[in-house]
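K.L.:
Okay, sequence plus prediction incoming.
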Amino acid sequence: MVRRVSWSDVSNYWVNEGIKALWIGLWLLANIAVFLEVFFYYWKTRTEVFEVLGFSGSFARGSAAAIKLNGALIMLTVLRNFLSIIRSSFLSAVIPVDKNIVFHKGMAWAIAFWAGIHMGAHYINYMKLSQLTDGITMARFNLRPPAPSTNALAFTSSAGSTGHILIIIMVFMYSSATAKVRSPMFEAFWFTHHLFIVFHLLLCLHGYPGVLEPPTYWAWVIGPLFLYIVERTLRIARGKQDTILLQAIQHPTRVMEVRMQKASFVFKPGQYLFLACDYIGKQEWHPFTITSCPDDDYVSVHIRAVGDWTNALAKFLNPDGKIGIVQEQIIHSPDGKPIFRIDGPFGAASEEVFKYRTIMMVGAGIGVTPFASILKDIRNRVMAQGAGSQVQKVYFYWIAQDKGAFEWFSDLLSGLENEPGTHNFLEFNIYLTGALSATEVREIMIADEGDSEAGPSSRDRVQSFHDQITGLRTRTNFGRPKWGDIFRQKTVEHPNENVGVFFCGPRALSKALYNNCRRYTAETSTKFKFKKENF
């Protein structure tokens, strides 16, 4: 028996999926509407075209209309300044700006879907046109006797040749955007994705000489294109402002902290920036979460060497492979150009943490970086007696495979632990998932035995205890978190509350957290709102 959907089910679904589902529904309806409108127009109204081409003509023109719609909308999903403005306004409550990449990918696949229909329909159209013998009918399609072959129409005509070039461009753009290519070879993704300029230009030319109707793609994209030009102009202007490298600090596990200074750079905790180093790669911009807080007199990012550009940067700033401060007070690179250029800041999901009374922040490996800025800001607000924040409880989870990773922010975490006003609302949960050597295990056991003899009371032991992995008073947990138990406990501690769950890290863990958010939102009175970092 099928269970009836109740209002409670809809309400719980709306917590994490409602706004996104609404906009997806509107987008799908818009696709269907523009397709059907043009499809029926060429079927019922343009009878002279339908008599020759049949339904293949209707499918070709209907799919072309849907391509125009998605070609215009897809540009809006990557206007980062435009999205940041929306995020900071009342519109963020009704526009799912955190899902911009989801919509971007969806529209890209929609373009591929409609392009497949468009291409297949036109191959049929070319075959039908190649069989025409009547001169008057051929003249309607701008043809002269004898009719050209199917291949000639498909590959030498204006529409056919530009169409095939567009398909080749799409193959390059789509293949380089896959995770297997984008992560290790970001530069390949960056350059091939900028073929979108050629893509839109060719689509504007694709409709010429306007056999069935005047070319109109330009009218669809002129608005988004204007916004894009404004966006690029602003980003270029910001990128030219002087940036000073104050310090480059090499941390363990191939992570480098870069501290910079740039005039008039104002940001919020949880935001990110784009960083360029022309000495390594011209016009290559890479996104990094800001790890400093607004009260710091510098802006910092933590960069893990995992790809071509990041490895080149590590070798450039730290050629000897030292640990600690490796560069200080640098303005220009060896070629005389600025050492760095910064563009941003841009809004991200994590900057919404201060909208919740209770928050769970989960970082995996280098994914902890968005929360460094937030934790620093929380510390500063606590020192200012909680000014400007409604946060009452913070649960911080850091999962790392290598124990050396915990050194990145050990000073910050230790300072927060020792801050008098943080004990009641800030809780650390550290997890080490990688294996330890026999020597490391033995050293931890010896240290734990010493801590157990530190004082006559449990209070003395707690105050004197320092974890051998992190140096914190919070003990390190070995293995992966049991998220089901954790979420279940939070429903007991925070009934009838909205809990913000903020995450940055790998997809597998994101899926686990998201599923738990949805499950316990549906089963309990606690509503878990999942927020994931997307660049």
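P.N.:
It's in. If you're wondering where the values come from, they're calculated on a predicted model, not measured in any experiment. Numbers count the residues shown, from 1 in each chain.
K.L.:
Could you report the neighbour count for the residue lying closest to residue 56 once chain neighbours are set aside?
P.N.:
Distances taken as CB to CB, 6 or more residues apart in numbering put residue 124 closest to residue 56, at 4.0 Å, once the chain neighbours are dropped. C-beta: built from backbone N, CA, C; applies to glycine. For residue 124, the neighbour count with other CB atoms under 10 Å is 17.
K.L.:
What are the buried residues along the helix or strand hosting residue 124?
P.N.:
Per DSSP states H and E: residue 124 is located in helix 100-129. For helix 100-129, burial by neighbour count (16 or more other CB atoms under 10 Å) applies to 100, 103-104, 106-108, 110-111, 114-115, 117-119, 121-122, 124-126, 128-129.
K.L.:
can you tell me which residues contact residue 534?
P.N.:
98, 99, 100, 101, 102, 348, 349 (CB atoms under 8 Å, 6 or more residues apart in numbering).
K.L.:
Secondary structure class of residue 342, three-state.
P.N.:
Classification of residue 342 by DSSP: H, G, I helix; E, B strand; the rest coil places it in strand.
K.L.:
What separation is there between it and residue 214?
P.N.:
Residue 342 is 44 Å from residue 214, where distance means CB to CB, to the nearest Å.
K.L.:
who's more crowded, the two?
P.N.:
residue 342 (24 against 9).
K.L.:
What score does the more buried one have for pLDDT?
P.N.:
What the model reports as pLDDT for residue 342 is 92.
K.L.:
Residue 299 is in contact with that one, correct?
P.N.:
Yes - with contacts counted by CB atoms under 8 Å, residue 342 reaches residue 299, the gap being 7.3 Å.
K.L.:
if we can go back for a sec, and of the contacts of residue 534, the nearest to residue 174?
P.N.:
Nearest to residue 174, judged by CB to CB, of those is residue 101 at 14.6 Å.
K.L.:
Please name the nearest non-neighbouring residue to the closest one.
P.N.:
residue 534 (4.6 Å).
K.L.:
For my notes, confirm the one you found occurs in a strand.
P.N.:
No - counting by three-state DSSP, residue 534 falls outside a strand, being coil.
K.L.:
Now do the helix or strand residue 61 falls within: which elements does it pack against?
P.N.:
Counting by DSSP H and E, the element that carries residue 61 is helix 55-76. Here helix 55-76 touches helix 19-40, helix 47-53, helix 100-129, helix 196-206, helix 217-239, going by 3 or more CB pairs under 8 Å, 6 or more residues apart in numbering; DSSP states H and E.
K.L.:
now do 6 Å
P.N.:
helix 19-40, helix 100-129, helix 217-239 (3 or more CB pairs under 6 Å, 6 or more residues apart in numbering; DSSP states H and E).
K.L.:
need the next SSE after it, C-terminal direction.
P.N.:
By DSSP H and E, the next helix or strand past helix 55-76 is helix 80-87.
K.L.:
If you count neighbours, what's buried in that following helix?
P.N.:
80, 81, 82, 83, 84, 86, 87.
K.L.:
Please export the C-alpha coordinates of that helix as PDB.
P.N.:
Presented in PDB, the C-alpha positions along helix 80-87 are these (Å, rounded to 0.1, in the frame of the first residue of the first chain):
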ATOM      1  CA  ARG A  80      30.100  35.200  -9.100                       C
ATOM      2  CA  ASN A  81      29.700  38.800  -8.200                       C
ATOM      3  CA  PHE A  82      26.100  38.800  -9.300                       C
ATOM      4  CA  LEU A  83      25.500  35.700  -7.200                       C
ATOM      5  CA  SER A  84      27.300  37.200  -4.200                       C
ATOM      6  CA  ILE A  85      25.000  40.200  -4.300                       C
ATOM      7  CA  ILE A  86      22.000  37.900  -4.400                       C
ATOM      8  CA  ARG A  87      23.400  35.900  -1.400                       C
END
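K.L.:
Measure how that helix sits relative to helix 217-239, angle-wise.
P.N.:
For helix 80-87 and helix 217-239, the angle between their directions (axes from the mean of the first three to the mean of the last three CA atoms, to 10 degrees) works out to 90 degrees.
K.L.:
quick check: angle from helix 80-87 to helix 100-129?
P.N.:
Helix 80-87 runs at 120 degrees relative to helix 100-129, counting by the same axes, to 10 degrees.
K.L.:
model confidence over stretch 318-328, on average?
P.N.:
87.
K.L.:
Now do the end-to-end distance for that stretch.
P.N.:
Across stretch 318-328, the terminal residues are separated by 11 Å (CA to CA, to the nearest Å).
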